[in-house]
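Asks: Sharing a sequence plus its predicted fold:
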Amino acid sequence: MGGFGKSQAAIQFAHHIHSESPQTSVYWVYASSKPRFEEAYRAIAERLQLPRRNDPDMDVLRLIRDWLQTEEAGSWLMILDNADDVNLFYPVHNSGTKAVTGLANENTIARTDQQLLAAYLPKSRNGTILITSRSMDAAERLTGSYKAIYSVPTMDDVQGLQLLQNKLDGDFDGNAATDLLRALDRIPLAITQAAAYINRRAPRVSVKTYLDTFQESDKKKGSLLNKDAGDLRRDESASNSVVVTWQVTLEQIRRERPSAVKLLSFMSFFNPQGIPEFILHDYATDLTDHANRDAASENFEDDLDILLGYSLVSVTATGDSYDMHDLVQFCTRFWISTTGNEGRWRQLFLHSMSTLFPDGTFETWPTCQVLLPHIEPTFREEPPAEGLLDWAHLLTNCAEYMSTSGKFKMAESLNKKAVKTRTKMLGEEHPDTLTTMANLALLYSNQGRWKEAEELLTGVVAMRKRTLGEEHPDTLTSMHKLAITWKVSGRTGDALALMRNCVVIRKRVLGTDYPQTMLSVACLAEWENRGNLLLEGNKSG
């Protein structure tokens, strides 16, 4: 991934080689495109003053390769920087996704397509090629082995503070700096870019005010990350903007494997930590195409492999979920917003969560706990009209989970939003609206808020009788709960009458052995027994 300091590490290595072995020649070759590669080789030819370098009939790429393979060239190090596009180096199979591997196939490559750059990489016992790449696939094919690859890790706080201190002109608040580093995911390019912005606007801007602006809104964050300044040591053709740097990677992936960009776009709307694999397969489906979900996601492993190869996502220790950097997610969303597709991916995310978030019963708690961090941000803001019903369904199920796990305040808030949304979209008497109202009434009952529960349930029973009929199971469930509410509230006579009616209908419609029938029978029997005991007690007195 761009911006993690791969090229800077290569620069430091080059300085080390020059210091330890002054007789070793160091050649820097930018490999982000064929023109850049050719430009670097021509510069080497000029530096070495090689014969025939200006001959129009001479292939300068072949000239440099052949020269570096001679003993006369002496000891050398070539740094192949930003070799991200494997298709620049190796021929593509008919599938369009794989390339022939290995530097040893030089002659075959040359015969296949003289334009492929692997044919011009020198091989000599006197020389070494150091490659920097954002793509694990390109790195593995160019080196021939994963064992020859070193992944540049994210900085820790100490390293990040040292870099920030080196880049800033003045003093800074240590606590604010640590917070800023974490907001920037301790990514070197982001730190360098922030320091350049602060230096240019000091003393009006400090580390603290930069952090405040960065965290104020996505719009402000995008503006700051899109600034292009900060590091003169980077390739002059490469942007110093975090957004632009990563957009280059995304465009490369889109050319290489468009479906992998779809997966990344989908993942950018999750919480960056612990993204569960089981929900990711929806990225390849139409919003309503759940019947073909498995077939549509058959390429998931190949798409995921691309994202892992570019270090855009990483596998967690459990192996069944994935992590992303916050800034990778943000820049991905920023990028898809420029293509006009952000709304579609937000809707797909909401639809998938609405479909797969369980109903909150006890046996579904583990799944609810896994998904909750990913849906919590959706609670705060109402989506566009096309996503409102999915949102209401998700809120309803999540409210049930909150209620059964004892988080009554949050459950009430979510239920109220769901009732309001379903009433607006479906009408007050729609079965889904009435279900959410009944859930809210039950929540009130569980908290001993009987008056509020009674008010809601009275309306639910009346509307269910009118729309579903008195014998519908949902109507009977509401009647049973309303009877209990009346009993607790002191309306014993009304409660007994309603429960008796409920028992009669349930026996007729559901049968005497049906669990809900037996529940109503048991409840009625207990009430009548208590009433008889109380009556006998009064007579004895």
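Replies: Alright, I've got the coordinates.
Asks: Below-threshold pLDDT in the stretch 51-200 of the chain: ranges please.
Replies: Counting by pLDDT under 70, the ranges of the stretch 51-200 of the chain that qualify are 92-115.
Asks: ranges for the strands of it?
Replies: Along the stretch 51-200 of the chain, counting by DSSP state E, counting those that start in this stretch, strands occupy 76-81, 127-131.
Asks: Out of the ones you listed, the one nearest Gly5 is which?
Replies: When those are compared by CB to CB, strand 76-81 sits nearest Gly5, at 12.4 Å. Just so you know, the C-beta spots here come from the backbone N, C-alpha and C atoms, and that holds for glycine as well.
Asks: relative to strand 127-131, how tilted is the closest one?
Replies: Calculated by axes from the mean of the first three to the mean of the last three CA atoms, to 10 degrees, strand 76-81 forms an angle of 10 degrees with strand 127-131.
Asks: helices or strands up against strand 76-81?
Replies: For strand 76-81, the packing partners by 3 or more CB pairs under 8 Å, 6 or more residues apart in numbering; DSSP states H and E come out as helix 6-20, strand 25-30, strand 127-131.
Asks: What pairs with it, parallel or antiparallel?
Replies: Here strand 76-81 has these sheet partners by DSSP bridges: strand 25-30 (parallel), strand 127-131 (parallel).
Asks: List of residues touching that strand?
Replies: With CB atoms under 8 Å, 6 or more residues apart in numbering as the test, strand 76-81 has contacts from 7, 10, 13-14, 17, 24-32, 68, 121-122, 124, 126-132, 142, 235.
Asks: do the same with stretch 331-340
Replies: By CB under 8 Å, 6+ apart, the residues outside stretch 331-340 that reach it are 218, 222, 225-226, 242-243, 246-247, 250, 264-265, 267-269, 342, 345.
Asks: who wins for neighbours among the residues you listed?
Replies: Greatest neighbour count in those, by other CB atoms under 10 Å, goes to Val242: 31 neighbours.
Asks: still on that earlier bit, which one of the helices and strands packed on strand 76-81 lies closest to Val86?
Replies: Closest to Val86 of the helices and strands packed on strand 76-81 is strand 127-131 (CB to CB; 11.4 Å).
Asks: quick one, that closest one and helix 6-20 angle?
Replies: Using the same axes, to 10 degrees, strand 127-131 lies at 160 degrees relative to helix 6-20.
Asks: For strand 127-131, buried residues please.
Replies: The neighbour-count check on strand 127-131 (16 or more other CB atoms under 10 Å) flags Gly127, Ile129, Leu130, Ile131 as buried.
Asks: where's Leu312, which helix or strand?
Replies: Assessed by DSSP states H and E, Leu312 sits outside every helix and strand.
Asks: same deal with Leu496?
Replies: Assessed by DSSP H and E, Leu496 sits inside helix 492-509.
Asks: Against which helices or strands is that helix packed?
Replies: Packed against helix 492-509 by the contact rule (3+ CB pairs under 8 Å, 6+ apart) you find helix 473-489, helix 515-540.
Asks: how far does it sit from the chain's center?
Replies: Averaged C-alpha coordinates place helix 492-509 at 51 Å from its chain's average position (CA atoms, centre = their mean, to the nearest Å).
Asks: okay, it in PDB with CA atoms only?
Replies: Provided in PDB are the C-alpha atoms of helix 492-509 (Å, rounded to 0.1, in the frame of the first residue of the first chain):
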ATOM      1  CA  THR A 492     -58.500  -7.500  37.400                       C
ATOM      2  CA  GLY A 493     -62.000  -7.900  36.100                       C
ATOM      3  CA  ASP A 494     -61.100  -6.700  32.600                       C
ATOM      4  CA  ALA A 495     -57.900  -8.800  32.700                       C
ATOM      5  CA  LEU A 496     -59.800 -12.000  33.500                       C
ATOM      6  CA  ALA A 497     -62.400 -11.400  30.800                       C
ATOM      7  CA  LEU A 498     -59.800 -10.700  28.200                       C
ATOM      8  CA  MET A 499     -57.700 -13.700  29.100                       C
ATOM      9  CA  ARG A 500     -60.700 -16.000  29.200                       C
ATOM     10  CA  ASN A 501     -61.600 -14.800  25.700                       C
ATOM     11  CA  CYS A 502     -58.000 -15.400  24.600                       C
ATOM     12  CA  VAL A 503     -58.000 -19.000  26.000                       C
ATOM     13  CA  VAL A 504     -61.300 -19.800  24.200                       C
ATOM     14  CA  ILE A 505     -60.000 -18.600  20.800                       C
ATOM     15  CA  ARG A 506     -56.600 -20.100  21.200                       C
ATOM     16  CA  LYS A 507     -58.100 -23.500  22.000                       C
ATOM     17  CA  ARG A 508     -60.300 -23.300  19.000                       C
ATOM     18  CA  VAL A 509     -57.700 -22.000  16.500                       C
END
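Asks: circling back: who wins for proximity to Gly406 among the strands paired with strand 76-81?
Replies: Nearest to Gly406, of all these, is strand 127-131, at 55.4 Å by CB to CB.
Asks: Tell me the one among the buried residues of strand 127-131 nearest to Leu468.
Replies: Once CB to CB is applied, the member of the buried residues of strand 127-131 that ends up nearest Leu468 is Ile131, at 68.6 Å.
Asks: List the beta-bridge partners for the nearest residue to that closest one once chain neighbours are set aside.
Replies: Excluding its sequence neighbours, the residue lying closest to Ile131 (CB to CB, 6 or more residues apart in numbering) is Leu80, at 4.6 Å. Leu80 has these beta-bridge partners by DSSP bridges: Val29, Ile131.
Asks: Quickly note the distance from Leu80 to Ala138.
Replies: The gap separating Leu80 from Ala138 is 10 Å, by CB to CB, to the nearest Å.
Asks: got it, and Glu429?
Replies: Relative to Ala138, Glu429 is positioned 60 Å away (CB to CB).
Asks: So between the two, which is more surrounded?
Replies: Ranked by neighbour count (other CB under 10 Å), Glu429 and Ala138 place Ala138 first, with 26 against 16.
Asks: ok, that one touching Asn82?
Replies: No - using CB atoms under 8 Å, Ala138 makes no contact with Asn82, being 9.9 Å away.
Asks: can you give me the helices in the stretch 101-250 of the chain?
Replies: Secondary structure of the stretch 101-250 of the chain (DSSP state H, counting those that start in this stretch): helices located at 106-112, 136-143, 157-167, 174-183, 188-201, 207-216, 218-225, 242-256.
Asks: Show me the domain layout of this structure.
Replies: 6-148, 157-225, 245-355 (automatic domain parsing).
Asks: Adding distance to Phe408, write those domains out as CSV.
Replies: Converted to CSV, the domains of the chain look like this (distance: least, CB to CB, whole Å):
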stretch, distance to Phe408
domain 6-148, 48
domain 157-225, 31
domain 245-355, 23
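Asks: Ok, which of these comes nearest Leu434?
Replies: Nearest to Leu434 among these is domain 245-355; the distance by CB to CB comes to 18.9 Å.
Asks: if you average pLDDT over that closest one, what comes out?
Replies: The average pLDDT within domain 245-355 is 85.
Asks: And that domain, end to end?
Replies: Domain 245-355 has an end-to-end distance of 35 Å (CA to CA, to the nearest Å).
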